[in-house]
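Student: Prediction below, plus the sequence it came from.
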Amino acid sequence: MNIEIKYTQIFINNEWHKANNGKTFSVINPSTGEEICQVEEASEVDVNKAVEVARKAFNINSPWRKLEPATRGSLIRKFASLLRRDIDYLSKLETLNNGKPLEESKGDINLSADCMDYYAGWVDKITGETIPSGHDSFIYTRHEPIGICGQIIPWNYPIMMLAWKLGPALACGNVIILKPAEQTPLTALYCAALIKEAGFPPGVVNILPGDGPICGNAIATHKHIDKIAFTGSVEIGKKIQIAAAQSNLKRVSLELGGKSPLIICEDADLDFAVNLAHRAIFTNAAQNCTAGSRTFVHTKIYDAFIARSIELTKKRIVGNPFDPHTKQGPQINDSQFKKILNYIELGKKDGAKLEYGGEQVGDKGYFIQPTIFSDVQDHMKIAREEIFGPVMSILKFDSYDEVIERANDTCFGLGAGVITKDLTRSLTFAQQLQAGSVWINDYDVVCNQAPFGGYKQSGHGRELGRYGLEEYYEVKTVVIKLI
Ligand code: ADP
C-alpha cells in the first residue's frame with residue numbers, strides 16, 4: 001500500500017513545528033515490522049511551548065472563550081464532517097499504522113465522527129442549577145471549563161480515543177494538549193490538520209507526538225496543566241495520578257486495563273454464545289481494554305462450547321489488514337508480540353490445555369494465531385493478568401453464586417458479559433458484577449451516549465454520554481444576597 005504521509009511534525013498553535021531538540025522517532029508498520037516514516041519527537045520544551053499558547057487561547061477574552069456555544073458546536077460538527085469527508089484516506093492511514101482491518105478502521109472513524117457530533121449537541125445544554133436558599137438570597141451554579149487539559153491516549157483505537165477525548169473537552173470549552181501513542185501518531189497528526197481546517201482558533205487543540213516517559217510525563221507533571229485524562233495501562237495510570245498529585249493536583253480521569261469475564265449460562269444458545277465469545281475476545285486482535293478475556297462456561301455445555309469455538313476460530317483469517325477477507329491483523333509491535341507469546345508459554349506451563357493456536361503467523365510483522373486455552377484455573381497468570389492479545393481462556397463453572405464471586409475476584413472492573421435467557425438471572429448478574437459496563441446477551445457495546453469506565457483498578461471517571469462531560473467542567477457556586 002502506497003499511502004502518502006502528509007504530516008509528521010508537532011502541531012502547536014495551528015502550526016507545524018520541528019522538535020526543539022531536533023529528535024525524531026521511527027513509526028513502524030506492524031504488518032511488516034518496517035519503518036513507515038520518522039516523526040518529530042516532542043519533549044518538555046515543546047510541551048511548555050504548547051502550554052504557553054494554550055493559556056493564551058484560554059484567556060478570558062480570547063476568541064475561543066468568547067465564542068457563542070452554538071458556534072463552538074458548529075466547529076466541532078465541522079471537524080466531524082471533515083473526518084467523514086476524508087474517511088477513505090484516513091482509514092488507510094489508520095490501518096497502515098495500527099494494523100487493524102480496513103473495514104474496522106472505517107467503522108472507528110464513523111463512530112469518532114458520531115462522537116464529535118454527539119458532543120457538539122451538548123454545547124448549549126451544559127447548564128448549572130438554581131438552588132433554593134433563604135428568602136433574601138439567590139444561589140446558582142455555573143459549569144465552567146477547567147482550562148488546559150492534557151490528554152494521553154493509547155494505540156489500540158488511535159482516532160476513536162482522540163475523539164472520545166476531544167469531544168467532551170471541547171464541548172465544555174477547554175483547550176487541549178493531546179499526546180497520541182508513540183506507536184500510532186499518524187492519524188492524530190492528520191486530525192490536527194482537520195482541526196485547523198475546521199476553523200478552531202490557534203492554541204485550542206495542540207497535538208504533540210512523543211514518548212511516554214518524556215513528553216507524556218512532561219504533561220502529567222506540568223504545573224500549568226489543569227487536568228489530565230489518560231487511557232492506557234494500570235502501571236502508567238498510577239504514575240499519572242502520582243505525577244498529578246505531586247505537581248499541582250490537576251484533575252485526573254483514568255481509563256485503564258481489564259480482565260473482563262463473559263459468563264455463558266447453561267441455557268444459552270450454543271452457536272450464539274460461541275460467536276459472541278469469539279468476538280468478545282478476538283476483536284481488534286484482542287487489543288481491547290474490554291476484551292472478554294475470561295470465558296466462564298457452564299459445565300453442562302463446556303465440552304460442546306470448546307469444540308465449536310475451535311471450529312470457528314480455525315476459520316478466522318489472520319493476515320494483511322488491507323485484504324477485505326482479513327478478520328485479524330497484526331499485534332501492534334514487537335514488544336507486545338513477544339509479551340503475548342510469553343503468556344501463551346506461561347499458560348502451557350501452568351497446566352492450561354492449549355486447544356488451538358499459540359503460534360506466530362507468517363515470518364514478518366507481528367501476527368499471532370487466535371489461541372484457545374481450556375481448563376484454565378482462576379489462579380493462573382493467563383486468567384489474572386491482562387494479555388492484550390488473542391488468547392481465549394476458558395474456565396468451567398457449575399454454580400451461579402460461585403461464578404459471580406470468581407468473576408469479581410480481580411483487581412479490574414471494566415466490562416462483564418452474561419449470556420442467558422433467564423431474566424431474573426441476568427438482572428442478578430447485572431446487579432452483582434463489579435464492572436463499569438455489563439452486557440447481557442451482547443458484548444462490548446459502547447455507545448457515544450452511554451457512559452463508559454471502570455470500577456477498581458480499571459480507572460476512575462467516565463467517558464462518553466452526559467457523564468463524560470462531568471470530567472471537563474468545574475462547578476462554581478454563586479451566592480447573591482438580595483439587599
Ligand atoms: P500500553 O502498554 O498499551 O502501550 P501505556 O500505558 O504504556 O500503554 O501507554 C499509553 C499512553 O501512555 C501512551 O501514549 C504512552 O506514550 C503514554 N505513557 C507511557 N508512559 C508514560 C509516562 N511515564 N507518563 C505519561 N505518559 C506515559
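Tutor: Received it, and whenever you're ready, just let me know what you need.

Student: residues touching the residue most central in space within the chain, list them.
Tutor: For the chain, the residue sitting closest to the mean C-alpha position, by Cα atoms, centre = their mean, is Met161 at 4.9 Å. Met161 sits next to 153-154, 231 when contact means Cβ atoms under 8 Å, 6 or more residues apart in numbering. Yep, even glycine has a C-beta here, placed from its N, CA and C like the rest.

Student: per-residue confidence averaged over the helix or strand where it lies?
Tutor: Per DSSP states H and E: Met161 is located in helix 158-171. Mean per-residue pLDDT for helix 158-171: 98.

Student: Walk me through which strands the next helix or strand after that helix pairs with, and which way each runs.
Tutor: Counting by DSSP H and E, the next helix or strand C-terminal to helix 158-171 is strand 175-179. Applying DSSP bridges, strand 175-179 is found paired with strand 148-152 (parallel), strand 205-207 (parallel).

Student: Out of these, flag the one nearest the ligand.
Tutor: Of all those, the one in closest proximity to the ligand, counting by Cβ to the nearest ligand atom, is strand 148-152 (4.8 Å).

Student: Pull the distance from that closest one to the chain's centre.
Tutor: 15 Å (Cα atoms, centre = their mean, to the nearest Å).

Student: Quick check: Glu41 touching Val27?
Tutor: No - judged on Cβ atoms under 8 Å, Glu41 makes no contact with Val27 at a distance of 10.8 Å.

Student: Quick check: longest helix in this structure by residues?
Tutor: helix 102-120 (DSSP state H).

Student: What is that one packed up against?
Tutor: On a contact count with 3 or more Cβ pairs under 8 Å, 6 or more residues apart in numbering; DSSP states H and E, helix 102-120 meets helix 69-85, helix 87-98, helix 158-171.

Student: now the angle between strand 148-152 and the last one, please.
Tutor: Yep, that's helix 158-171 we're talking about. 170 degrees (axes from the mean of the first three to the mean of the last three Cα atoms, to 10 degrees).

Student: What angle do helix 87-98 and helix 158-171 make with each other?
Tutor: Using the same axes, to 10 degrees: helix 158-171 against helix 87-98 is 120 degrees.

Student: Do any residues in helix 158-171 lie close to the ligand?
Tutor: No - Helix 158-171 is not in contact with the ligand by Cβ under 6 Å from any ligand atom; minimum separation 9.3 Å.

Student: and that helix, C-alpha only, in PDB?
Tutor: This file holds the C-alpha atoms of helix 158-171, laid out as PDB (Å, rounded to 0.1, in the frame of the first residue of the first chain):
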ATOM      1  CA  PRO A 158      -6.000   5.900  17.700                       C
ATOM      2  CA  ILE A 159      -8.700   8.000  16.100                       C
ATOM      3  CA  MET A 160     -11.500   6.900  18.400                       C
ATOM      4  CA  MET A 161      -9.600   7.600  21.500                       C
ATOM      5  CA  LEU A 162      -8.800  11.100  20.200                       C
ATOM      6  CA  ALA A 163     -12.500  11.700  19.500                       C
ATOM      7  CA  TRP A 164     -13.500  10.400  23.000                       C
ATOM      8  CA  LYS A 165     -11.000  12.900  24.500                       C
ATOM      9  CA  LEU A 166     -11.600  15.900  22.300                       C
ATOM     10  CA  GLY A 167     -15.400  15.800  22.100                       C
ATOM     11  CA  PRO A 168     -16.400  16.400  25.700                       C
ATOM     12  CA  ALA A 169     -13.400  18.700  26.400                       C
ATOM     13  CA  LEU A 170     -14.200  21.000  23.500                       C
ATOM     14  CA  ALA A 171     -17.900  20.900  24.200                       C
END
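
Student: Close to the ligand: what parts of the chain are there?
Tutor: Counting by Cβ under 6 Å from any ligand atom, the chain sits next to the ligand at 152-154, 179, 181-182, 212-213, 216-217, 220, 232-233, 236, 239-240.

Student: can we see that at 5 Å?
Tutor: 152, 154, 181, 212-213, 216-217, 220, 232-233, 236, 239 (Cβ under 5 Å from any ligand atom).

Student: need those in a markdown table with neighbour count and secondary structure, can you?
Tutor: What follows is the residues of the chain next to the ligand, written out as a markdown table (neighbours: other Cβ atoms under 10 Å; DSSP: H, G, I helix; E, B strand; the rest coil):
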| residue | neighbour count | secondary structure |
| --- | --- | --- |
| Ile152 | 25 | strand |
| Pro154 | 21 | coil |
| Ala181 | 24 | coil |
| Gly212 | 18 | helix |
| Pro213 | 10 | helix |
| Gly216 | 27 | helix |
| Asn217 | 20 | helix |
| Ala220 | 25 | helix |
| Gly232 | 24 | coil |
| Ser233 | 16 | coil |
| Ile236 | 21 | helix |
| Lys239 | 19 | helix |
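
Student: Quick one: these as TSV, columns for pLDDT too.
Tutor: Listed next are these as TSV, based on pLDDT from 0 to 100:
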residue	pLDDT
Ile152	98
Pro154	98
Ala181	98
Gly212	98
Pro213	98
Gly216	98
Asn217	98
Ala220	98
Gly232	98
Ser233	97
Ile236	98
Lys239	98
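
Student: Ser260: which of the residues you listed is nearest?
Tutor: Set against Ser260, the nearest of the residues of the chain next to the ligand by Cβ to Cβ is Ser233 (15.4 Å).

Student: From Leu270, how far off is the closest one?
Tutor: To Leu270, Ser233 is 35 Å away according to Cβ to Cβ, to the nearest Å.

Student: got it, and Tyr140?
Tutor: 57 Å.

Student: go on, Glu311?
Tutor: 11 Å.

Student: How is the protein partitioned into domains?
Tutor: With domains defined by automatic domain parsing, the chain comprises 10-256+457-479, 261-448.

Student: Format these as TSV; extra columns: distance to Asn2.
Tutor: Compiled in TSV, these are given as follows (distance: least, Cβ to Cβ, whole Å):
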stretch	distance to Asn2
domain 10-256+457-479	10
domain 261-448	11
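
Student: Ile3: which of the ones you listed is closest?
Tutor: Ile3 lies closest to domain 10-256+457-479 among the domains of the chain, at 5.2 Å (Cβ to Cβ).

Student: Now do the end-to-end distance for the closest one.
Tutor: 44 Å (Cα to Cα, to the nearest Å).

Student: Leaving out chain neighbours, which residue sits closest to the residue in the stretch 351-483 of the chain that the ligand sits nearest to?
Tutor: Using Cβ to the nearest ligand atom, the closest approach of the stretch 351-483 of the chain to the ligand is made by Phe388 at 6.7 Å. Nearest residue to Phe388, sequence neighbours excluded (Cβ to Cβ, 6 or more residues apart in numbering): Gln287, at 5.5 Å.

Student: Check Arg84 too.
Tutor: Ala113 (5.0 Å).

Student: do Lys481 as well
Tutor: Ser137 (5.3 Å).

Student: for Ser91, same thing?
Tutor: Ser105 (3.9 Å).

Student: mind checking how far stretch 175-182 is from the chain centre?
Tutor: 13 Å.

Student: Sorry, slip of the keys, the one I care about is stretch 39-50.
Tutor: 23 Å.

Student: What is the neighbour count of the residue nearest to Arg84?
Tutor: 21 (other Cβ atoms under 10 Å).

Student: could you dump the strands paired with strand 175-179 to CSV with distance to Leu482?
Tutor: Compiled in CSV, those are given as follows (distance: least, Cβ to Cβ, whole Å):
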stretch, distance to Leu482
strand 148-152, 37
strand 205-207, 42
